[in-house]
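Chemist: Turn this into a model:
(2 chains)
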Number of protein chains: 2
Amino acid sequence: MLKGLGSAVHLAHLLLSEALGPGGTAIDATAGNGCDTLFLARQVGPQGKVYAIDIQAGALAKTSLLLQKAGVLDRVILLHSSHEEMEQLVTAPVDAVIFNLGYLPGGDHNLVTTSETTARALRAALKMLKPEGRIGLVIYTGHPGGQEELAVVEGVASSLDVSLYRVVRLNFINRSAQAPVVIVIEKAGVGDENQPAAQNP
Amino acid sequence: MLKGLGSAVHLAHLLLSEALGPGGTAIDATAGNGCDTLFLARQVGPQGKVYAIDIQAGALAKTSLLLQKAGVLDRVILLHSSHEEMEQLVTAPVDAVIFNLGYLPGGDHNLVTTSETTARALRAALKMLKPEGRIGLVIYTGHPGGQEELAVVEGVASSLDVSLYRVVRLNFINRSAQAPVVIVIEKAGVGDENQPAAQNP
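Modeler: You can find the predicted model right below:
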């Protein structure tokens, strides 16, 4: 993995870290190899709760092993399902949700996330978010359908009411157009709704 | 000021915070009202050093007052000069440089930073940066010449060799085209030069 600012995953974690502390609740919408779940599990600590969802059983097995080695499996619930089902699977409001969109490295490359299910899952996550909670999306675009998925996520994210959600897009401007993109969405806090978010700074 | 992810200044500080700790050295290339200098001064602690540059004496007076109130003036050197002179003013290699490009809120709106001096100052900052050091630029675009200045900064930043510099651009995709933009540049660490920075993740 790339270090520092070169890593899309690191940037997503950095921006989510402010919204997720000890005792918090988070969802990894795409557990994959477990890298994001591990980050969330460390952030919430032993009193917190992380729901890790993946449609591939192999991904959950990898994630489970990684969490066990790190000694943080105790606070994680592994859910073998599609991330568009998250509203049915998790009832509590959540502090943070992370999506890693593309395909599982080393997994079945036919099982990519698709634009349609991703848009549904993102809308569900928006509803489940606590005030001041954040959603981080790391979007890989180098595979077939990747650019389309990015466009769908950007469409949903850029249409969010600026008085209710702050939306930041991060991209690597000295790399190819296929470099990953990060989008982070923050729900306004209670009483923040009338902040003049459309103005500087 | 906007809170959380809605604030361009907050985002720049968050991304610089990883590169600047106790005992560090930093430059505020555009001291303005002192908000960035205060952040840098707190990050470096009493053993660190911050150089705050501004072409307006009034800006340095405001900055000085803010730092004094916060009890961190001891580690700050105020320099009444143009930021394009920073190589002549500061000899040590630095961990972080911050630019706030536009005009001083409440100051003389005719004294905006200009594209030409900004490009020279940015190139100087790139030379002065330590390995793993970072430059943060907050770019306001709503004033005349603002979009041109953004284009110049993006031109310099996006042409940096990907094996030597990681360059991230942050923008607010559910706000107007005049919303501020943040660009953060990280110099590769010693031995990092051959990292495959053009690849995922």
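
Chemist: any weak-confidence spans in chain A?
Modeler: Counting by pLDDT under 70, chain A contains low-confidence residues at A:1-3, A:103-113, A:193-201.

Chemist: if you take the average position of it, which residue is closest to it?
Modeler: In chain A, the centroid-proximal residue (Cα atoms, centre = their mean) is A:Ile98; its distance is 1.4 Å.

Chemist: Name the helix or strand for that one, please.
Modeler: strand A:94-101 (DSSP states H and E).

Chemist: helices or strands up against that strand?
Modeler: Contact partners of strand A:94-101 among helices and strands, from 3 or more Cβ pairs under 8 Å, 6 or more residues apart in numbering or on different chains; DSSP states H and E: helix A:8-17, strand A:25-28, helix A:35-44, helix A:115-128, strand A:129-139. Every residue, glycine included, has its C-beta placed from N, CA and C.

Chemist: closest one to B:Leu40 among the ones you listed?
Modeler: Counting by Cβ to Cβ, B:Leu40 lies closest to helix A:8-17 out of the helices and strands packed on strand A:94-101; the figure is 18.4 Å.

Chemist: Burial check on A:Thr25, number of neighbours?
Modeler: Counted with other Cβ atoms under 10 Å in any protein chain shown, the neighbours of A:Thr25 add up to 22.

Chemist: Likewise for A:Met86?
Modeler: By other Cβ under 10 Å, 22 other residues sit near A:Met86.

Chemist: And the host helix or strand of A:Leu170, what does it pack against?
Modeler: Remark: A:Leu170 resides in strand A:165-172, with elements defined by DSSP H and E. Judged by 3+ Cβ pairs under 8 Å, 6+ apart, strand A:165-172 is in contact with helix A:8-17, helix A:146-158, strand A:181-187, strand B:165-172.

Chemist: Report the inter-axis angle for the second one versus strand B:165-172.
Modeler: Following axes from the mean of the first three to the mean of the last three Cα atoms, to 10 degrees, one obtains 40 degrees for the angle between helix A:146-158 and strand B:165-172.

Chemist: and what of the shortest one?
Modeler: Comparing the axes of strand A:181-187 and strand B:165-172 via the same axes, to 10 degrees yields an angle of 40 degrees.

Chemist: my read: A:Glu18 touches B:Leu14, true?
Modeler: Yes: using Cβ atoms under 8 Å, A:Glu18 is in contact with B:Leu14, at 7.2 Å.

Chemist: The two: which has the busier surroundings?
Modeler: B:Leu14 (20 against 15).

Chemist: Give me the spatial nearest neighbour of the more buried one, chain neighbours excluded.
Modeler: Closest residue in space to B:Leu14, ignoring its immediate chain neighbours: A:Leu14 at 6.7 Å, by Cβ to Cβ, 6 or more residues apart in numbering or on different chains.

Chemist: quick one: contacts for the one you found?
Modeler: The contact partners of A:Leu14, taken as Cβ atoms under 8 Å, 6 or more residues apart in numbering or on different chains, are B:14-15, B:18.

Chemist: one step back: how about the helices and strands packed on strand A:94-101 in JSON lines, adding distance to B:Val184?
Modeler: Putting these into JSON lines (distance: least, Cβ to Cβ, whole Å) gives the following:
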{"stretch": "helix A:8-17", "distance to B:Val184": "9"}
{"stretch": "strand A:25-28", "distance to B:Val184": "25"}
{"stretch": "helix A:35-44", "distance to B:Val184": "20"}
{"stretch": "helix A:115-128", "distance to B:Val184": "26"}
{"stretch": "strand A:129-139", "distance to B:Val184": "17"}
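
Chemist: which stretch among the ones you listed comes nearest B:Val44?
Modeler: helix A:8-17 (19.9 Å).

Chemist: okay, the angle between the closest one and strand A:181-187?
Modeler: Using the same axes, to 10 degrees: helix A:8-17 against strand A:181-187 is 10 degrees.
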